[in-house]
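Q: here is a sequence with its predicted model. Questions after.
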Amino acid sequence: MSEEQQNGAPPKRVVGIDLGTTNSLVAFMQGDAPVVIPGEDGSNLVPSVVAVPLVEAGRAARDSISVGNAARTSLLTSPERAIYSVKRLMGRGVEDVTEELKLFPFKLASDIQSGEVLRILLGGTEYTPPEISAYILRQLKRNAERYFGTPVTQAVITVPAYFNDAQRQATKDAGRMAGLEVLRLVNEPTAAALAYGLDRKKEGIVAVYDLGGGTFDISILKLHDGIFEVIATNGDTHLGGDDIDNLLMAVAIDDVQGDHGVDIRTSPETIQALRKAVIDAKITLSSADSAAIDIALPSGVRYQRTITREQYEQLVAPVIARTIEPCESALRDAGIKPEQIDEVVMVGGSTRIPKVRALVDELFELSPRGKKPHIELNPDEVVALGAAVQANILAGGSAATEDMLLLDVTPLSLGIEALGGVVAKIIQRNSTIPASATEHFTTGVDGQTNVAIHVLQGERELAKDCRSLARFDLKGIPPMTAGLPRIEVKFLIDANGLLHVTATEQRSGKAAEIEVKPTYGLTDEQVESMILESFDYAEQDFAERQLIEAKNDAQTILEAVAKAHEHSAWQQLTESEQAGIDAAQQHLTSLTVGSDIDAIRKGIEVLDKATTRFAEIMMDSAVTSAIGGQTMDEASEHLGKAPNAPHPFAPADYK
Amino acid sequence: MPTQEKLGAPSATSDYFAVFSLPRKLSIDAPALEKQFYKLSRKLHPDLHAQASAEEQAEILAQSSQLNDAYRILKNPVSRVEYLLEVLGVRIDENNAAKKTDAPRVPADLLEEVFELNMQLEEMRANKKMGEDDPQLRADLEKAQTQFTSQLAAVDEDLHQTGKAWDSALDREDESAKAVIVKDLAALLDRRGYLRNLVRDVNEALAPTGLVNV
């Protein structure tokens, strides 16, 4: 389905996806307002948990991978086959996650070299973080497809504003693996601002404080006439609710060791049970004065403990305090004083913690100015809603998003390594994107035909303290005297915050050949090979699914019509009406043995129309019988069975 | 992960002033510039061309990045001067990032003070390492901080005035005046760069933790 779409075919939907550390969501613009699309279980949030079945051969198993609530159950029963918070591993190297591994039950392949993409061991198979994320994205894609009844191929995916190039690229790769064309990576706090700013009446300076499951962002925006201009952003891609959970767990593990002399770290099931218990306690403590933790230890003995609000707040204060510095830096970069902030928007589940709200109030001097932070939109959903708004803008816009434009920035400075391992900044942080810089290079030795450029991201002075993005090898420089070649290299950060590099040797006018060695990340070929196999058959699968659903719907209405003959209402129809229904019924029955989806849908529609009057009569008689002693509930139950009631949407049958 | 990609042919070689249809003058009305930036963004931002062909998108990317680069450079009065000199062919080498880390020449009138200051800075850093505090030294440095900060402000004012002189020479098409002013501007930028580094070093030395966000 693309440009060749026939008239009357449903429009191409671009969805907005919040790929979160803890939960993921998919949303779209329904008329003037963004709405979250629920999953099959009716829940808006899909837990970012993936569970794999235990099998010997790797790839055959990938069909039965579960995602979301289903996988969360596996986390408790067979933790070695389930993974959560994989976002923390996106675009990271093995040396970045050493600390992480102490607290998370991630098992990595043992042969990963420094600078390689991570491989996670799960149920006997290795998966890269983008692959795990791709399973989550595929689930969201399916939820949206089920909801629309059409394939979904384009999406906007949100990322923490402070994500670097490697983390962004990993997210984009995940989208591609899931069969999604990622039209844009949008920064989460900016997306939240879009969701809040839909009314377009807001003007002034807005701060978005986004403390999620695993990441923290602060963005400062200027709103003017529908333009959302980010002036500064800062954050910490390893700070969030997870850190609070880990802290509470560490205390409990110590506690158990002290009280019972047991080290529960060797029991993954107990650890997961404890993790669930501390998360529940954390949530309780946002409203209650105390919470109880009660879990069974491997020995059968129970570990029971009550934690008071005061103890909890004291414990988590250092975690929450880590958000202060990024806020101050962002204000400084923006050249804005706290009292100049007109509005503060709260995003992320962790902003439900009263202590966090108190800190924000203090940081931005809200109470003294008679202001309150914005919490009107559900902090778990606001990012996805904003992504849907941005998706709508990218799809061409609508009345609701007309005149809305987002001008975002790059969160980190881009630099190249100069002599002595010093970083020369070429694009400063908080530059509006797309942004570019042109640099000139030459050779140092006569006849030299290659020049190497090391590109980094970060604010520190020395290359070793910044994030290495890639080494570019400019090749095919015509041999000349040292210093004579003039190679112009253009660095460009696109609207997704992703870097692109091009080079030309100016004396020969030739585009120089560039060989890219990404420091962390997958090559194009690798991504290609990881595209979830099901995607290869996506169109075919989809058609099959559509057919099954159409047949199910036809069956439902045919069964209802079959019963209609016995209903008293049938006798009230004219003969021609009865004949019309019978004809439509027979026609549809004959269609259901074929495989023409459109014909079946059309047949359903015809039968539906033919039975409209019958349904009306039946409704009247239902009301009559309600008066005659039936309860209204029973009556409406009958109504639900009427042929023209909305056709029940049969759950899609996935392999 | 950075990728090699064709960005499409760059648009007609126009300088940043031309992007905003401005003459190469150094006095720029900031609110008007912002207004024009928003107006052009509404035309050129990639979000508004997401459904266009790959070629069109590449062209839009080139144009919108140029617009953003132009706005970023022109809205700041100092980078505006640096850019003007660059398009005029002055200081082109200093603009290469690989050489930016080279220390600028010490302005002659500051030689003595800078020498003195560097000694004090050394001492301060040594004290810090040992966890000692010398109130006299701190007071001297604070004095230097005030002095150099005000000198930096004076340079900014000089830049502003010289910028005005440039604008009027441009209006008069006075080529010999322009040549002189360009040299003055280059010298002021050098001096400014030097003073800015001094102020940064002093601030760093006086910061309580020894850590300053750069």
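A: Everything's here; your move.
Q: from what I see, A:Thr21 and A:Asp242 are in contact.
A: Yes. The criterion here is CB atoms under 8 Å, and A:Thr21 meets it with A:Asp242 at 6.5 Å. For the C-beta atoms, the positions are set from N, CA and C on the backbone; glycine is no exception.
Q: look at these two and report which has more neighbours.
A: A:Asp242 (26 against 23; other CB atoms under 10 Å in any protein chain shown).
Q: leaving out chain neighbours, which residue sits closest to that one?
A: A:Gly214 (4.9 Å; CB to CB, 6 or more residues apart in numbering or on different chains).
Q: in what helix or strand does that neighbour lie?
A: Using DSSP states H and E, A:Gly214 sits in no helix or strand.
Q: which residues does it contact?
A: Shown in contact with A:Gly214 (CB atoms under 8 Å, 6 or more residues apart in numbering or on different chains): A:Thr21, A:Thr22, A:Ser85, A:Lys87, A:Arg88, A:Thr237, A:His238, A:Leu239, A:Gly240, A:Gly241, A:Asp242.
Q: which parts of stretch A:85-96 are buried?
A: The neighbour-count check on stretch A:85-96 (16 or more other CB atoms under 10 Å in any protein chain shown) flags A:Ser85, A:Val86, A:Lys87, A:Arg88, A:Leu89, A:Met90, A:Gly91, A:Arg92, A:Gly93, A:Val94, A:Asp96 as buried.
Q: gap between the second one and A:Val15?
A: If I follow you right, that is A:Val86. 21 Å (CB to CB, to the nearest Å).
Q: tell me which element the residue nearest in space to the middle of chain B falls in.
A: For chain B, B:Ser79 is the residue whose C-alpha lies nearest the centre (CA atoms, centre = their mean; 3.5 Å). Using DSSP H and E, B:Ser79 sits within helix B:77-87.
Q: what's that helix in contact with?
A: Here helix B:77-87 has contacts from B:15-16, B:24, B:26, B:28, B:72-74, B:91-92, B:95, B:156, B:159-160, B:163, B:166, B:182, B:185-186, B:188-189, B:192, using CB under 8 Å, 6+ apart.
Q: which parts of chain B are helices?
A: B:16-19, B:30-44, B:54-75, B:77-87, B:97-100, B:111-130, B:135-172, B:175-206 (DSSP state H).
Q: gap between the two ends of stretch A:417-426?
A: Distance across stretch A:417-426, first residue to last, is 10 Å (CA to CA, to the nearest Å).
Q: contacts (any at all) between chain B and it?
A: Yes. Under the criterion of CB under 8 Å from any CB of the partner chain, stretch A:417-426 makes contact with chain B via A:Ala418, A:Leu419, A:Val422, A:Ala424, A:Lys425, A:Ile426.
Q: that stretch - what's its average pLDDT?
A: Regarding stretch A:417-426, the rounded mean pLDDT is 85.
Q: let me know the pLDDT of B:Leu206.
A: Looking at B:Leu206, the pLDDT reads 78.
Q: same thing with the one 5 residues further on?
A: As predicted, B:Leu211 sits at a pLDDT of 45.
Q: can you give me phi and psi for the residue nearest to A:Ser290 when sequence neighbours are not counted?
A: Residue nearest to A:Ser290 in three dimensions, not counting chain neighbours: A:Thr308, with 4.7 Å by CB to CB, 6+ apart. Backbone geometry at A:Thr308, expressed as degrees, to the nearest 10, gives phi -90, psi 160.
Q: any idea how many residues pack against A:Thr308?
A: Quick note: A:Thr308 (other CB under 10 Å) scores 13 neighbours.
Q: need the distance between the two termini of stretch A:108-126.
A: 8 Å.
Q: on that earlier part again, overlap in contacts of A:Thr21 and A:Asp242?
A: A:Ser85, A:Arg88, A:Gly213, A:Gly214.
Q: ok, the closest residue to A:Asn44 other than its chain neighbours to chain B distance?
A: Leaving aside its sequence neighbours, A:Asn44 sits nearest to A:Val36 (CB to CB, 6+ apart; 4.3 Å). From A:Val36 across to chain B, the span is 22 Å (CB to the nearest CB, to the nearest Å).
Q: residues contacting A:Val36?
A: Per CB under 8 Å, 6+ apart, neighbours of A:Val36: A:Leu25, A:Val26, A:Ala27, A:Asn44, A:Glu381, A:Ala384, A:Leu385.
Q: just the buried ones among those, please.
A: Looks like the contacts of A:Val36 have A:Leu25, A:Val26, A:Ala27, A:Asn44, A:Glu381, A:Ala384, A:Leu385 buried, using 16+ other CB under 10 Å.
Q: mind checking which of those residues are in helices?
A: Reading helices off those with DSSP H, I get A:Ala384, A:Leu385.
Q: which residues touch residue 167?
A: Defaulting to chain A. Contacts of A:Gln167 by CB under 8 Å, 6+ apart are A:Met90, A:Gly91, A:Arg92, A:Val159, A:Pro160, A:Thr237.
Q: chain B, not that one
A: Contacts of B:Asp167 (CB under 8 Å, 6+ apart): B:Lys25, B:Leu26, B:Ser27.
Q: out of the residues you listed, which are close to chain A?
A: Counting by CB under 8 Å from any CB, no member of the contacts of B:Asp167 reaches chain A.
Q: between the residues you listed, which has the most around it?
A: That'd be B:Leu26 among these, by other CB under 10 Å, with 21 neighbours.
Q: what's the burial count for the closest residue to that one other than its chain neighbours?
A: Using CB to CB, 6+ apart and skipping the chain neighbours, the partner closest in space to B:Leu26 is B:Gly163 (3.3 Å). Look at B:Gly163: counted by other CB under 10 Å, it has 20 neighbours.
Q: do you know how far B:Arg172 is from chain A?
A: Distance from B:Arg172 to chain A, by CB to the nearest CB: 33 Å.
Q: how close does that residue sit to B:His49?
A: For B:Arg172, the distance to B:His49 equals 43 Å [CB to CB].
Q: out of those two, which sits in the more crowded spot?
A: For B:Arg172 versus B:His49, the count of surrounding residues by other CB under 10 Å is larger for B:His49: 18 against 10.
Q: so what's the closest residue to the more buried one other than its chain neighbours up against?
A: Nearest non-adjacent residue to B:His49, counting by CB to CB, 6+ apart: B:Ile60, 4.7 Å away. Contacts for B:Ile60 (CB under 8 Å, 6+ apart) come out as B:Leu44, B:Pro46, B:His49, B:Ala52.
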